[in-house]
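# Please find the sequence and the predicted model below.
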Amino acid sequence: MDNGTVLLIEDNADLNSANRRALQMKRYSVRVAATLAEAREWLKEAEPDVILLDVMLPDGDGFGFCREIRARTQAHILFLTAKAEHEDIVAGLAAGGDDYITKPFHAQELLARVEAAMRRREIGIPLRTVAKGRLELNLASDRALLDGNDLMLSPMEFNVLCLLAQNEGKVLGLEDIYKQAWGRPSNDEKNTVQVTVSRLRRKLAPSGYGISAVRRRGYVFEATRAAPSLSPRNLKV
């Protein structure tokens, strides 16, 4: 019995081979695509648990592909990128990605990221469903429903929303949010949390639910007031 399915989208044959071997040693079922066209064909037939997505591919870029598939997959999308610049990281997360890892990386780091992604349902919430008025968080399917309509959250958006909603009215620090939602210490990954919360706030804005920023402390979920303005000032923590 395998520990989950990983779709590896990478055009570097040597890196593909090394990553595939490392993942298979941990009993993951691994599918490999060297192009986005190959990945599209495979995704028509199956749903992976984790997608490892290279940013630069022969027939397109990973950010655009992530935006293309995000609405129809609940897979955890982890970008493999040689670009460590701030703007590229933000672009990946804004496209609907859940995490990123910068090349070159050690196989053990990749395995740790994949393992954390596989544990994304285990974020310390014992209930199968979390209900907040018109908002329902289904932990079995990782879906957030507002008045019965799917908000189409990415896995990490769902994790963060669950965490905040379960702690309604309580301010959670960025370090705590990252550690619980991503399953590892943040190493000062404040920007990752901020971008994910920003996406959540936009999706929740029409609902009357809000995630407020508390300066120098973190974020708090509020179900009894309108969502706050999405101005840059309010997004700053």
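Sure thing, it's come through.
# where along the protein do the strands fall?
Taking DSSP state E, the strands of the chain run over residues 5-9, 29-33, 50-54, 56-57, 60-61, 76-81, 99-102, 129-132, 135-138, 143-146, 149-150, 210-214, 218-222.
# send the alpha carbons of the second one over as PDB?
By that I understand strand 29-33. The C-alpha trace of strand 29-33 is given here as PDB (Å, rounded to 0.1, in the frame of the first residue of the first chain):
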ATOM      1  CA  SER A  29       3.200   6.300  -6.000                       C
ATOM      2  CA  VAL A  30       5.000   8.700  -8.500                       C
ATOM      3  CA  ARG A  31       3.900   9.800 -11.900                       C
ATOM      4  CA  VAL A  32       6.300  11.800 -14.000                       C
ATOM      5  CA  ALA A  33       5.500  14.400 -16.700                       C
END
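# sorry, back to before: mean pLDDT for the strands of the chain: which is lowest?
Least confident of the strands of the chain, judged by mean pLDDT, is strand 129-132 with a mean of 72.
# Mind giving me the packing neighbours of that strand?
Counting contacts by 3 or more CB pairs under 8 Å, 6 or more residues apart in numbering; DSSP states H and E, strand 129-132 packs against strand 135-138, helix 155-166. C-betas here are computed from N, CA, C, even on glycine.
# Packed most tightly, which of the strands of the chain would that be?
Scoring the strands of the chain by mean neighbour count under mean count of other CB atoms under 10 Å gives strand 50-54 as the most buried, with a mean of 26.
# Does anything pack onto that strand? Which helices or strands?
Against strand 50-54 (3+ CB pairs under 8 Å, 6+ apart) you get strand 5-9, helix 62-69, strand 76-81, helix 107-118.
# and the helices and strands packed on strand 129-132, which is most packed in?
Using mean count of other CB under 10 Å, helix 155-166 ranks as the most buried of the helices and strands packed on strand 129-132, with a mean of 23.
# If I take it and helix 107-118, what angle do their directions form?
Here helix 155-166 runs at an angle of 50 degrees relative to helix 107-118 (axes from the mean of the first three to the mean of the last three CA atoms, to 10 degrees).
# Low-confidence ranges, the chain, go.
1, 84-86, 120-129, 140-141, 186, 188, 223-237 (pLDDT under 70).
# Got the domain ranges for this structure?
5-118, 129-235 (automatic domain parsing).
# out of the helices and strands packed on strand 50-54, nearest to Asp88?
Among the helices and strands packed on strand 50-54, the nearest to Asp88 by CB to CB is strand 76-81 (6.5 Å).
# what's near enough to touch Val160?
Contacts for Val160 (CB atoms under 8 Å, 6 or more residues apart in numbering) come out as 177, 181, 193, 196-197, 200.
# For those, pick the one with the most neighbours.
Most neighbours among the contacts of Val160, by other CB atoms under 10 Å: Ala181, with 28 neighbours.
# Spatially nearest residue to it, not counting backbone neighbours?
Asn159 (4.1 Å; CB to CB, 6 or more residues apart in numbering).
# ok, the one you found to Tyr178 distance?
Distance of Asn159 to Tyr178, computed by CB to CB, to the nearest Å: 10 Å.
# Relative to Asp59, how far out is the spatially most central residue of the chain?
Nearest to the geometric centre of the chain sits Asp98, at 2.4 Å (CA atoms, centre = their mean). Going from Asp98 to Asp59 by CB to CB gives 23 Å.
# relative orientation of the longest helix belonging to the chain and strand 218-222 in degrees?
Longest helix of the chain, by residue count under DSSP state H: helix 190-204. Inter-element angle recorded for helix 190-204 and strand 218-222: 20 degrees (by the same axes, to 10 degrees).
# Which positions within helix 190-204 qualify as buried?
Using 16 or more other CB atoms under 10 Å as the test for burial, helix 190-204 gives 192-201, 203-204.
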